[in-house]
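Asks: need coordinates for the following:
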Amino acid sequence: MGVRLSPENSFNDINDSNPQQTFNSIAGRLSNFQLAYLHVLEGDMMTGERRLDYGALRGYFNGFYMANNGYDLESANAALEENRADLVAFGKLFIANPDLPFRFSHHLPLNTPDSATFYGGDEKGYTDYPAWKKDQRS
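Replies: Purely as a prediction, here's the structure:
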């Protein structure tokens, strides 16, 4: 079992007066529960803005730390190499690129996620992105 935290998520007017202190404490307490991972949405999912020190937050958790929010191949690899994360999740990129690992491993261009279709209530924007075709040019 894992836990996902969103310390800076302002969706639906969510707000914490001291998110660094609150979520450092939560991460520390979650260390007592032998979790498979702590999945952290780094920054505000609406604006992408990051005000917290996620390295400090990570330091409070003694298990696997999964970073998420706006990562691409290069920034994910940097986070792993610099020990800022043990794992990186790719939400929007995976939605827009059903073959994301293949595209990453072959350094192929990515489909751009269409945010106008997020939370739309049907399959539009979730199951209709094209996979890479072998005869497609980059």
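
Asks: CA atoms for contacts and neighbours, from now on please.
Replies: Will do.

Asks: the residue positioned nearest the centre of the chain: what's it in contact with?
Replies: Residue closest to the average C-alpha location in the chain (Cα atoms, centre = their mean): N68, at 1.7 Å. Contacts were defined as Cα atoms under 8 Å, 6 or more residues apart in numbering; by that measure N68 touches H39, V40, L41, E42, V88, A89, F90, G91.

Asks: mind redoing it with 7 Å?
Replies: V40, L41, E42, V88, A89, F90 (Cα atoms under 7 Å, 6 or more residues apart in numbering).

Asks: roughly how far apart are Y126 and A96?
Replies: Distance of Y126 to A96, computed by Cα to Cα, to the nearest Å: 7 Å.

Asks: again, but for H106
Replies: Counting by Cα to Cα, the gap from H106 to A96 is 17 Å.

Asks: so what's the residue count around F94?
Replies: Applying other Cα atoms under 10 Å, we find 17 other residues in the vicinity of F94.

Asks: which residue, neighbours along the chain excluded, lies closest to it?
Replies: Of all residues beyond its chain neighbours, the one nearest F94 is L100 (5.9 Å), with distances taken as Cα to Cα, 6 or more residues apart in numbering.

Asks: many thanks, I have nothing further to ask.
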